[in-house]
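[1] Provided below are the primary sequence and the corresponding predicted coordinates.
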Amino acid sequence: MKEYIGIKFQTLFLEKDIPQFSQINELKKWGKKFSEMGFIPHYKNEKESDRLSSAGNLSFRNNNGFIITASYSDLANLRDEDFVEVKNVELNRKKIWVNGRKDPSSESMLHYTIYQKRSDINAIFHGHCKELLENFIELGLKSTVYSAPYGSLKLVNSVIEVLGNENFLIMKDHGFLSLGESPEEAGSIILNINKKLKDT
């Protein structure tokens, strides 16, 4: 996994209020669970010295856009202030308008594009698992054709090119995406694939 150097877009803050949605508690639950399972690697937090950061992100759609974990969040110990509401995205200009107190996840452009392309999807989970990357063919999982830098439009395009109606996708040399009509479905897909992985 490439070293994390922060977001690759400009964040424009509309309001500094912390988003309040009941589904946030579901993301807190899944963030902790995936961290315990080893699907969310942790590293030094450059923003808060007393906390870790996570390589991964979680989001759900709402009426105004979507809620996503903030950049540098510790998914094992998410707080209310670790969530950002993305209101609008301009991909070509790499600008994102948000409500919240932090920059949204570096993969916010990817989440935005998937929500735009798939009206059936209301939750997106992104994590990392070396064993999945090594065994996805045996498990019959679809993968992007080429690898691309995290947080880039090249990565967005690589996913959209092969996404179709898939609800689980390997990002080549990177990680995985799990998509669902709800956070529960997106999380359950990962648990089921992990069970198949353990059985191989």
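    Thanks, I have it.

[2] Tell me the spatial nearest neighbour of the residue positioned nearest the centre of the chain, not counting adjacent residues.
    Central residue of the chain (Cα atoms, centre = their mean): Asn57, 3.2 Å from the mean position. Nearest residue to Asn57, sequence neighbours excluded (Cβ to Cβ, 6 or more residues apart in numbering): Ser105, at 3.8 Å. (Each C-beta comes from the backbone N, C-alpha and C, glycine too.)

[3] just the strands in the chain please.
    10-15, 42-44, 52-54, 57-62, 65-69, 83-90, 95-99, 123-127, 168-171, 175-180 (DSSP state E).

[4] Below-threshold pLDDT in the protein: ranges please.
    Scanning the chain for pLDDT under 70 picks out the ranges 1-3.

[5] Sort out which residues of stretch 102-119 are buried, please.
    Counting neighbours by 16 or more other Cβ atoms under 10 Å, one finds that the buried residues in stretch 102-119 are 102-115, 118.

[6] From the residues you listed, which land in helices?
    Of the buried residues of stretch 102-119, the ones assigned to helices by DSSP state H are Ser108, Met109, Leu110, His111, Tyr112, Thr113, Ile114, Tyr115.

[7] So which elements touch the top helix by length along the chain?
    Criterion DSSP H: the longest helix present in the chain is helix 183-199. With contacts taken as 3 or more Cβ pairs under 8 Å, 6 or more residues apart in numbering; DSSP states H and E, helix 183-199 sits against helix 23-37, strand 123-127, helix 130-135, strand 168-171, strand 175-180.

[8] let's go with 10 Å and repeat that
    Applying 3 or more Cβ pairs under 10 Å, 6 or more residues apart in numbering; DSSP states H and E, one finds that helix 183-199 contacts helix 23-37, strand 57-62, strand 123-127, helix 130-135, strand 168-171, strand 175-180.

[9] could you redo those as CSV and give each row distance to Ser143?
    Putting the helices and strands packed on helix 183-199 into CSV (distance: least, Cβ to Cβ, whole Å) gives the following:
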stretch, distance to Ser143
helix 23-37, 20
strand 57-62, 19
strand 123-127, 14
helix 130-135, 9
strand 168-171, 4
strand 175-180, 9
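
[10] and the residue nearest to Asn57, what is it in contact with?
    7, 54, 56-59, 68-73, 84, 86, 111, 126, 151 (Cβ atoms under 10 Å, 6 or more residues apart in numbering).

[11] where does it sit relative to Gly56, distance-wise?
    With distances taken as Cβ to Cβ, to the nearest Å, Ser105 is found 9 Å from Gly56.

[12] Mutual contacts of those two, please.
    Thr69, Ser73, His126.

[13] List the contacts of Glu107.
    Glu107 touches 7-8, 56-57, 59, 68-69, 71, 114, 124, 126, 150-152, 155-156, 159, 171, 175, 177, counting by Cβ under 10 Å, 6+ apart.

[14] same deal with Tyr112?
    Per Cβ under 10 Å, 6+ apart, neighbours of Tyr112: 59, 65-66, 68, 86, 88-91, 96, 104, 124, 156.

[15] Now the terminal residues of stretch 137-148, how far apart.
    One end of stretch 137-148 sits 19 Å from the other (Cα to Cα, to the nearest Å).
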